[in-house]
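Trainee: The sequence isn't on hand, but the structure is:
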């Protein structure tokens, strides 16, 4: 797994610092084949990271609890998903797959591997 911490380094504590949370999520999600927005102490987040690693995928992980703007991003993810649970949220090929339930459903019904191959995250 590739944890992204350096992206948080340019934090400025002003209201006009950087893009809004949704724009930032879209930008970060489009930079790598598989992106997981996570919280480091979340057991479901750990399970989804293990799923991808077990498949031979090297996801880029953004730990929201380690980001000064993580709470705002978490709220934006909740609105994007339309539900109370914001993490884990998975993007494949820059496209929103969803939270744990959607990822697991895709894995079980056999549509996850083709998505990963199409995004260039899996070669087998």
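Mentor: Nice, thanks for sending it over. The model shown is predicted, which means the values in this text are computed figures rather than measured ones.
Trainee: gap between the residue positioned nearest the centre of the chain and residue 101?
Mentor: Central residue of the chain (CA atoms, centre = their mean): residue 36, 2.2 Å from the mean position. Here residue 36 is placed at a distance of 15 Å from residue 101 (CB to CB, to the nearest Å). C-beta coordinates here come from the backbone N, C-alpha and C atoms, glycine included.
Trainee: Could you double-check that the residue nearest to the centre of the chain lies in contact with residue 97?
Mentor: No: Residue 36 is beyond contact range of residue 97, at 9.9 Å (criterion: CB atoms under 8 Å).
Trainee: Give me the common contacts of the two.
Mentor: The contact sets of residue 36 and residue 97 overlap at 90, 91 (CB atoms under 8 Å, 6 or more residues apart in numbering).
Trainee: now the residue nearest to the centre of the chain, what's its secondary structure?
Mentor: Taking DSSP: H, G, I helix; E, B strand; the rest coil as the rule, one finds residue 36 in the strand state.
Trainee: Bridged to it, which residues?
Mentor: Per DSSP bridges, residues listed as beta-bridge partners of residue 36: residue 61, residue 90.
Trainee: start at 38 instead
Mentor: Happy to do that; since the first residue is 38 now, the last one works out to residue 73.
Trainee: Tell me who's in contact with residue 66.
Mentor: Residues near residue 66 by CB under 8 Å, 6+ apart: 72, 128, 131, 133.
Trainee: Check those for burial and list the buried ones.
Mentor: Buried by 16 or more other CB atoms under 10 Å: 72, 128, 133, out of these.
Trainee: of these, closest to residue 112?
Mentor: For these, the residue nearest residue 112 by CB to CB is residue 133; the value is 15.9 Å.
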